[in-house]
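# dropping a prediction and its sequence here:
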Amino acid sequence: MLLIQCPYCGVERPELEFSCRGEAHIARPADPSATTDEQWAEYLYLRTNPKGVIAERWRHIHGCGRFFNALRDTVSDKFLMVYKAGEPKPDPAQFSKEAGR
Amino acid sequence: MKHYSFLELAKNAFSAHQNWGRQWRAPEPKAEYDIVIVGAGGHGLGTAYYLAKEHGLRNIAVLEKGWLGGGNTGRNTTIIRSNYLWEESAALYNHSVKLWDGLSQDLNYNVMYSARGVMMLAHTVHDIQVFKRHVHANRLAGVQNEWLTPEEAKEYCPPLNISKNIRYPVVGAALQRVGGTARHDAVAWGYARAADDLGVDIIQNCAVTGIRRAADGSVEGVDTAKGFIKAKKVGVVAAGHTSVLMEMAGIRMPLESNPLQALVSEPVKPAFPCVVMSNTIHAYISQSDKGELVIGAGTDQFVSYSQTGGIHITNHTIDAICELFPMFRRMRMLRNWGGIVDVTPDRSPIIAKTPVPGLFVNCGWGTGGFKATPGSAHVFAHTIAKDEPHPIAAPFSLERFRTGRLIDEAAAAAVAH
Amino acid sequence: MSQPFRIEKGGRIDRAASLSFTFDGERLSGHAGDTLASALLANGIHLVGRSFKYHRPRGILTAGSEEPNALVGICRKGDQTPNLRATQVEVYEGLETVSQNRFPSRGFDVGAVNDLLSPLFPAGFYYKTFMWPKAFWDRVYEPVIRAAAGLGNPPKNPDHDTYGNLYAHCDVLVIGSGPAGLAAALAAADSGARVILCDEQAEFGGSLLTETAATIDGTAPAQWVADTLEKLSANGNVTLLPRTTAFGYFAQNFVALAQRITDHVSEPDPRLPRERLWQVRAREVVIAAGAIERPMVFPENDRPGIMLAEAGRTYLNRYGVKVGHNVLVATACDTAWQAAFDLADHGVTIAAIADVRENPPEALQSIAKARGIRVEKGCVVTGTTGRKRISAALLGRLRGNGVAAAGEVACDALLMSGGWTPTVSLYSQSRGKVVWNESLGTFVPGQSVQNERSAGACLGIYGLNAALEDGYAAGENAAKAAIGRSGTVSRAQAHGADAGEGGILGALPHDRDPSKVKAFVDYQNDVTAKDVKLAVREGMHSIEHIKRYTTTGMATDQGRLSNLNALDIASKALDKPVTDVGLTTFRQPYTPTTFGIFANISRGDFFDPVRKTPSHDFVAGQDAAFEDVGQWKRAWYLPKDGEDMHQAVARECETVRKSAGLFDASTLGKIEVVGPDAAEFLERMYTNPWKKLAPGRCRYGLLLNDAGFIIDDGVVGRLAEDRFHVTTTTGGAAHVFATMEDYLQTEWPDLDVWITSITEQYAVCAVQGPKARDIIAPFVEGIDLSADAFPHMSVGSGTFCGVPCRLFRISFTGELGFEVNVPRRHGKMVWDKLAKAVAEQEGVIYGTETMHVLRADKGYIIVGQETDGTVTPDDVGMNWAIGKNKADFVGKRGLARPDLVAGGRKQLVGLLTKDPKVVLEEGAQVTKLANPPAGTPAEGHVTSAYHSPAMGRSIALALVKDGRRLTGETLNIPMPNGAIPVEVVEPFFYDKEGARLNG
């Protein structure tokens, strides 16, 4: 069971309070009608699924209810940082070094 | 290859088993192959075997970053069944069940396919509707599956608790008698031995680090821990690591890799006659020939390559097992482990050509790939050899995510009211 | 009831407390403080069971949790718990135990024929045979194999014991209470850290409880243990957990402990759980798990009476039991010599000390000489005799690469030591990588990956004083890391019990016929050195392949005893250094762990929360049948006077259409959407247009996912310009709310909207039927109920029975209908009043089944029944619900994908059986032909099918390929007993004009 820091509540809480909502920074196209079928499929389904640092969305569903993002190493499951929704994506490469890969 | 039989075993007993040959070689890679399969699990080794056996190809290598059969093939709970809802799925899994039936003889390796029956429990009115839909659809598709009352279910599996007083009482079950289990390691080893005998090079400890493409975009070969290996065609069969490998060829996949846990109890004398699954309360259980209760747990909610999952996932599974089989509370967990399963948006696999000419992919089996091993390997070999999808594989294309023609087994069992 | 092998005095047992127990029905005695193993040995019993594959007689090998042979069943309350280790089972008055894997008895076991046939059963033999005839595998071979395999008998009856669960946090968790663990706990506690100290044994102290040849600060080690525990107990920051095994080490220093609470008690307090799971989040962990002794792999090394040397010493010093009268000690290291000396000092004859080494330390040799013990150097055991107990051992002298016979030594016990193996299981579980230590000849923990440090023998630091020193340092460092400070506890000094030298791996050389003898590597799984070599010969070159092919290391000790020996044998066969062969992974649990502690209180109603509606007790009192929908219990139907379901539902349906019915709709999801952008938000979420919906009006809303498929539906009422009351399906409530939050927070944070789940805040009573208005009117204030003022699809706020109410005029039955939403706390009161009023109007209380029939009359879909996640609005004829002028909504783009606009999609239709009495089966398939050949793709399937009292016949809804074009045509429903012909009709049956619901 992971221990997760909620950047809104400022506390660490067990994973049971959270819901993981998949890869972060996949924005819904502003004008969906202007997208091709390929682009729509990419938005809906294609994922980086990295072995290493992932930027992913979490929701503190049984806490404050807010969505936030996290960088996590998918090999060690270690959290490298958490940040609020809307904040820019940190450079995962920078954290890859920290994660030792 | 020395033929395996009781007679051969008896003969070798006189020479103290000193004369058994290798089941497979440990070759160094050649500079070039017609076909390179990446991933020596059951699906990959099987693909190589059928390429050699049915398509007459010989210049084939299977590359494995660790030891053959060491991924999900050697980590799953070995359930075999084909009672899937959609015609496309039923065709694929039934193709597999037919191959399971003669696999030991075909490979001359006892894979211990045991048709002890797979019973899927219904706990709600909605479950009944869904399972009956399966039973009817399966009958039409020629796939054996039948509906049981709770009492009939108990007769088939005496330890089952059909009391009305449990939280989600058993209200019926769908039974596939031809479903069952097999010995997972033997499947990998049997395919490895048979493929090796047909000249396939199985190269272990040989991680693929890159997929090279020629100027025209087609696949040229793979970079590996043992150097560059040229190949006319490359088939990626790497389960949880598929995204990582396909990224080397510049292809993003509709996949997420999640931890999936399983566990076994200490071995006991025969206590459980069949396989029981409950999708509603998440319990999957059978007993191995060795006597261990083999129990499947759920997936964690996040992407991970750690091969470990959270204890709360295990707890939840054992809750369900003890609710359905209250005598097993006193049993003890012997070993708990995790695999990495690659999950597609519609929970159906991808057995397909890719946008890169010469590059093929077989992935997305999620939590249920073992049962499909022979069928998957068989149709994937055809797809690679002919450079066009086997009719059974055709619906399992990458294209379906663009068109929306999903084969959604998960949605078919969806709950809402 | 004498205990012939109990020494006169000494040991930690309570000689005043004599206890009676049974083993295989034989009544025996022991003392408080005994384990079953020590008590059996005191009674001279070595043979305790049979091995897994060859059914060879086996005795007690160890004194710890790694015991591979002495697994027994414990009988209590008429049932049996299998596979418990005699070395861990504590004796209590009346304990009943049985041996395992033998028939008919442990002395005479017919399964032992396997041992004679063993030449046919090398590793992996089953992969090579049993393939002919094909059908024999599951019918003949497999059942025989299964019956022979397994260890103990499974429990037969439901377990009535309870189990506990506890979450705990601490600064420092210390695992193991030997010298290093106790020192670490002392140092950490002295620093002010909150400490949990756990040990799998009943008593704290580990090896210190056995050690009599050393002193700590001038006192006996056992005394130092007592003093130390007194200090720790007095510290309020310290939690002491004996009988508690740390079995799992998970990410982020999450450690799972299993505490055994009542198994050792003769009459357990029924209020106590049998075991308890501790889920500990520790800032720092000190692993002080110690080391275990390695067996020596020589021919016939498995006879009863053959035991690890330190185990023999433990039985003597801790339990006051001598393992034999005439004991041979075979060793490759120094520590076993002390066992010989201790036994000799208690009058046991030491037949010889046979040391593999040519030059054991002079100091030991002179002590042996002083006691008159025969010492054989450069000497190995090459075989043993004795059927159910060792009677003699063959010795061999090492000569270069060979062995020369060196005679036979009679003995009734053989103590062996191949050296020591640090217990790295938990470190390994913490994902640390072990490293090879050449001088120790074993793997030790490498770098820490988590906030963890190993201390003492499990780190390869042997010798009492060194272990204490290391423990103190680990405790201080852990405290410093956890709480930023460390104290300066006074460090005890030990003398004696220094680290010995020596140790050996792998199979020992011998002069016997290799084809005829077995030298066991993994005792429990009956894996021999030959098996490991065979696996390598057959091409199994990875240690994981060797493990799986031979099953070495897969027994209940998980290879703790066997891994290093197997690895060495494999590495020699492969001609590769052990470091290149590698070790298999250690997995949780460290020792087998009871399922009950994982499930703990989760049974019956505690398995999953039960959600009940306000009417629950009322309808339960009327013998309602309930169905589970998600976590809710919903009334399914309410039979009267012996009615069956069909009769009850028919009556309920008829009564609703004739007068009125009352239905508890509280389970529907309810979401309040509030804010200036509320309409805009719904506009984006739902397919329908919302901006022009007037306050006081309702609209049916359809929710898709962005792939374009229906995921939910429900009525949405606009209470005010900026306030909507959204309803969802019962099962979809949580998901819809989460989805709305997702879009609102992450895609459209610019919208000024708040959404709140109010499912639990409102109770909902649906009153449906021609008399609905008459029934509710007396209770309503503040809302004009007339048809003109409050037409179908209206919503208003007022009071109901004097409590605030949101009243909806909506219908899921096709009748005049109202849904009364009142604060949940008034739900029961309102329900009771309505129930009375409905009864007075000769109405009925109805359940979900009637609700389903009535809505099917009208062709209203149920999400999850007519839809299955692959269905679009057009498929179910609901294009009318799509706002045509909206630029976007969730699912709009998805709907335009090629397959969703292609021809040949399955469409919702009605089906009428030619025979009106025949009710189709839901889920049945639809085909064109009456007798389609196997493999024919279906045209579709029946989604809903009922007997409709209103129509006086059966009705059905179905999804059929191009179904709308087939209206009027005949299709077939193939069933096992023949096809049922049906006519395709429009998907609604009753009051198509809607006159009734507008009444």
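Yep, it's here. Treat the numbers as computed from the prediction; the structure is a model and nothing was measured.
# not counting sequence-adjacent ones, nearest residue to A:Tyr43?
Spatial nearest neighbour of A:Tyr43, excluding adjacent residues (Cβ to Cβ, 6 or more residues apart in numbering or on different chains): A:Pro29 at 6.0 Å. No exception for glycine: its C-beta is placed from N, CA and C like everyone else's.
# surely that neighbour and A:Thr36 touch.
No - between A:Pro29 and A:Thr36 there is no contact under Cβ atoms under 8 Å: 10.3 Å.
# so which of the two has more stuff around it?
A:Pro29 (14 against 9; other Cβ atoms under 10 Å in any protein chain shown).
# remind me which residues of chain B are low pLDDT?
With pLDDT under 70 as the threshold, chain B has low-confidence stretches at B:411-417.
# let's see 80
B:1, B:410-417 (pLDDT under 80).
# chain A contacts on that one?
By Cβ under 8 Å from any Cβ of the partner chain, the residues of chain B that approach chain A are B:241, B:243-244, B:247, B:252-257, B:301-306, B:308, B:310-312, B:345, B:401-403.
# would you write a ChimeraX line that selects the buried entries of those residues?
With 16 or more other Cβ atoms under 10 Å in any protein chain shown as the criterion, this ChimeraX line picks the buried residues out of the residues of chain B next to chain A:
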select /B:241,243,244,247,253,254,255,256,257,301,302,303,304,305,306,308,310,311,312,345,401,402
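# whatever residue of chain A ends up closest to chain C - how many residues pack around it?
Nearest to chain C, among the residues of chain A, is A:Pro32, at 3.6 Å (Cβ to the nearest Cβ). By other Cβ under 10 Å, 20 other residues sit near A:Pro32.
# separation between the residue nearest to it when sequence neighbours are not counted and C:Arg657?
Excluding its sequence neighbours, the residue lying closest to A:Pro32 (Cβ to Cβ, 6+ apart) is C:Arg893, at 3.6 Å. Computed as Cβ to Cβ, to the nearest Å, the C:Arg893 to C:Arg657 distance reads 42 Å.
# tell me the contacts of the nearest residue to C:Arg964 once chain neighbours are set aside?
Closest residue in space to C:Arg964, ignoring its immediate chain neighbours: C:Gln907 at 5.0 Å, by Cβ to Cβ, 6+ apart. By Cβ atoms under 8 Å, 6 or more residues apart in numbering or on different chains, C:Gln907 lies in contact with C:874-877, C:959-964.
# C:Gln907 in helix, strand or coil?
Under the three-state scheme (DSSP: H, G, I helix; E, B strand; the rest coil), C:Gln907 adopts strand.
# who does it form a beta bridge with?
Here C:Gln907 shows beta-bridge partners C:Val960, assigned using DSSP bridges.
# picking that back up, tell me which of the residues of chain B next to chain A fall in strands.
If you go by DSSP state E, the residues of chain B next to chain A have B:256-257 in strands.
# just the ones in helices from the residues of chain B next to chain A, please.
Judged by DSSP state H, the residues of chain B next to chain A include B:243-244, B:247, B:311-312, B:401-403 as members of helices.
# among those, which one lies nearest to chain C?
B:Thr403 (4.3 Å).
# list the contacts for that closest one?
A:37, C:897-899.
# just these that are near chain B?
Okay, of the contacts of B:Thr403 touching chain B (Cβ under 8 Å from any Cβ), that's A:37, C:897-899.
# which pLDDT value does the model give residue 73?
You didn't pick a chain, so chain A it is. For A:Asp73, the model assigns a pLDDT of 95.
# let's do chain C instead
Confidence score, pLDDT, at C:Gly73: 97.
# tell me, how many neighbours does it end up with?
22.
# helices or strands next to the strand or helix carrying it in the packing?
Secondary-structure assignment from DSSP states H and E places C:Gly73 in strand C:71-76. The contact analysis (3 or more Cβ pairs under 8 Å, 6 or more residues apart in numbering or on different chains; DSSP states H and E) places strand C:71-76 against strand C:79-85, strand C:96-98.
# measure the residue of the stretch 801-950 of chain C found nearest chain A to C:Asp706 for me?
Closest to chain A within the stretch 801-950 of chain C is C:Arg893: 3.6 Å, counting by Cβ to the nearest Cβ. Computed as Cβ to Cβ, the C:Arg893 to C:Asp706 distance reads 7 Å.
# between these two, which one's more packed in?
Using other Cβ under 10 Å as the criterion, C:Arg893 and C:Asp706 rank with C:Arg893 on top: 24 against 19.
# pLDDT wise, what is that one at?
Reported pLDDT for C:Arg893: 98.
# three-state assignment of it?
C:Arg893 ends up helix, using three-state DSSP.
# show me where chain A has strands.
Under DSSP E, chain A gives strands at A:3-6, A:11-14, A:19-23, A:53-59, A:67-73, A:79-84.
# still on that earlier bit, most widely separated two among the ones next to chain B among the contacts of B:Thr403?
A:Asp37 and C:Asp899 (9.9 Å; Cβ to Cβ).
# B:Gln23 is nearest to which of the strands of chain A?
strand A:67-73 (37.5 Å).
# the residue of the stretch 801-950 of chain C closest to chain A against A:Ala30, yeah?
No - under the criterion of Cβ under 8 Å, C:Arg893 is not in contact with A:Ala30, lying 11.7 Å apart.
# return the helix or strand in chain A with minimum mean pLDDT.
Least confident helix or strand of chain A, by mean pLDDT, DSSP states H and E, is helix A:92-98 with a mean of 72.
# quick one: contacts of it?
A:50, A:52-55, A:71, A:73, A:80-81.
# PyMOL command for the buried members of these?
Selecting only the buried entries of the contacts of helix A:92-98 in PyMOL, with 16+ other Cβ under 10 Å as the criterion:
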select buried, chain A and resi 50+52+53+54+55+71+73+80
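# would CSV of the contacts of helix A:92-98 with distance to chain B be doable?
Below are the contacts of helix A:92-98 laid out as CSV (distance: Cβ to the nearest Cβ, whole Å):
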residue, distance to chain B
A:Pro50, 7
A:Gly52, 8
A:Val53, 11
A:Ile54, 6
A:Ala55, 11
A:Leu71, 12
A:Asp73, 9
A:Leu80, 14
A:Met81, 16
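# can you pull the contacts of the nearest residue to C:Gly305 once chain neighbours are set aside?
Nearest residue to C:Gly305 in three dimensions, chain neighbours excluded: C:Ile390, at 3.8 Å (Cβ to Cβ, 6+ apart). Residues in contact with C:Ile390, defined by Cβ under 8 Å, 6+ apart, are C:303-306, C:384, C:411-414.
# between those, which is nearest chain B?
Distances from chain B to the contacts of C:Ile390, taken by Cβ to the nearest Cβ, are shortest for C:Thr384, at 20.7 Å.
# residue in the stretch 1-150 of chain C nearest to chain A?
Residue nearest to chain A within the stretch 1-150 of chain C (Cβ to the nearest Cβ): C:Ser65, separated by 25.4 Å.
# need the contact list for that residue.
C:85, C:87-88, C:200, C:245, C:557, C:591.
# now do C:Gly604, the pLDDT please.
89.
# from chain B, how far off is it?
6 Å (Cβ to the nearest Cβ, to the nearest Å).
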